[in-house]
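Visitor: Sharing a model that was predicted from the sequence below.
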Amino acid sequence: MARKLEKERILERLHRVPGDVGFYYKDLTTGEELGLNENRMFEAASVIKLPMFAVIAKRVAEGKASWEDRLVAHNEERVPPCGALWFFEDEPAVRLKTLCGLMITISDNMATNMLMRHFGIETFNREFQAIGLEQTHIERLLFDSAANAAGKQNKIVPREMGTLLERIYRHAFVDEATSKLMEETLLQQQINHKIPGYLRDEVAVAHKTGEDDGITNDVGVVYAREPFVICFATNRTDVPEAERAMREISLSLAEIPAWKAE
């Protein structure tokens, strides 16, 4: 990535994406970085679920919660998929660890709202600050139309997501066991058409996506020959065009020949 021309090509490609674009890259071997609006806040969509997972994992490590705790999926709290809990009608009591797995790997919205209600938005925001996420914050539940109409949005910052992912990769978030659990969960991501889209099975990617009307985000660690963190946040954008850029840039940084991804 050290080649100046490659940096210029990446930035030029990002500048062709419509709307508000944020990008952060860090080579985890050399420490080299590249960014575009990397310190700005962006509407998070489901990427907010990554720092939520981090806070819950931290609280479990501290003995303030247990992965065996169970929350009841009440029918009146159902919100539309992504996810699986929407389809249950018998109000199951679901383990905390399972809820986090659903929230991350299939982006379950009902599981996310259950966790927001259980721990509290204020708790999440306070804990975000404690783990170094200074601007990332939650303002509302998912699918809260009244709060959305009032302009309340959950926000992320590309560099903050990248820093969190690096700590997880280096097994330095809370402790080794907590980092490994988070890493293993992120590696099981099932929504794989963005960062991993052209990588196929060539390299593993531990990541979390987010999408909404005019929004498409993806943040993760790519386990290439030289592993790297890469974070995309695009708001008020042309979603297909933004996602093409994500796939192209991720492929070029992984240094996999394009013909191998066909």
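Guide: Received the coordinates, thanks.
Visitor: Need phi/psi at the residue located most distally from the centre of the chain.
Guide: In terms of distance from the mean C-alpha position of the chain, Asp90 ranks first, at 29.9 Å (C-alpha atoms, centre = their mean). Main-chain torsions, Asp90, degrees, to the nearest 10: phi -100, psi 20.
Visitor: any idea how far it is from Asn75?
Guide: For Asp90, the distance to Asn75 equals 9 Å [C-beta to C-beta, to the nearest Å]. For glycine as for every other residue, the C-beta is placed from the backbone atoms N, C-alpha and C.
Visitor: How about Ile230?
Guide: Using C-beta to C-beta, Ile230 is found at 39 Å from Asn75.
Visitor: Pick out whichever of those two has more residues nearby.
Guide: Neighbours per residue, other C-beta atoms under 10 Å: of Ile230 and Asn75, the larger number sits with Ile230, 26 against 10.
Visitor: before we move on, what SS does that one have?
Guide: Following DSSP: H, G, I helix; E, B strand; the rest coil, the label given to Ile230 is strand.
Visitor: Now do the residue lying closest to it once chain neighbours are set aside, the pLDDT please.
Guide: Closest residue to Ile230 apart from its sequence neighbours, by C-beta to C-beta, 6 or more residues apart in numbering: Tyr25 at 5.2 Å. pLDDT for Tyr25: 97.
Visitor: Contacts only, for the residue farthest from the centre of the chain.
Guide: By C-beta atoms under 8 Å, 6 or more residues apart in numbering, no residues touch Asp90.
Visitor: Give me the pLDDT for it.
Guide: 92.
Visitor: Surely Ala65 is within a strand?
Guide: No - counting by three-state DSSP, Ala65 is not part of a strand but coil.
Visitor: which ones are touching it?
Guide: Counting by C-beta under 8 Å, 6+ apart, the residues that Ala65 touches are Ile56, Arg59, Leu96, Phe119.
Visitor: Quick check: chain neighbours aside, which residue is closest to the last one?
Guide: Read it as Phe119. Nearest one to Phe119, counting by C-beta to C-beta, 6+ apart, is Ile56 at 6.9 Å.
Visitor: from memory the one you found sits against Leu96, does it?
Guide: Yes - with contact defined as C-beta atoms under 8 Å, Ile56 counts as touching Leu96 (7.0 Å).
Visitor: Do I have it right that Val174 meets Val60?
Guide: No - contact criterion C-beta under 8 Å: Val174 and Val60 do not qualify, at 9.1 Å.
Visitor: how deep is the residue nearest to Ile230 tucked in, by neighbour count?
Guide: Applying other C-beta under 10 Å, we find 24 residues neighbouring Tyr25.
Visitor: Kindly report the same for the one 4 residues further on.
Guide: One way to gauge burial is a neighbour count; for Thr29, by other C-beta under 10 Å, it gives 12.
Visitor: Might one say that it is in contact with Ala224?
Guide: No - the criterion here is C-beta under 8 Å, and Thr29 misses it with Ala224 at 9.6 Å.
Visitor: Just the strands from this structure, written as ranges.
Guide: 20-27, 33-36, 42-43, 70-72, 93-95, 155-156, 205-212, 215-222, 228-235 (DSSP state E).
Visitor: Quick one: distance of the second one to the chain centre.
Guide: Taking the mean of its C-alpha atoms, strand 33-36 sits 18 Å from the chain's own mean (C-alpha atoms, centre = their mean, to the nearest Å).
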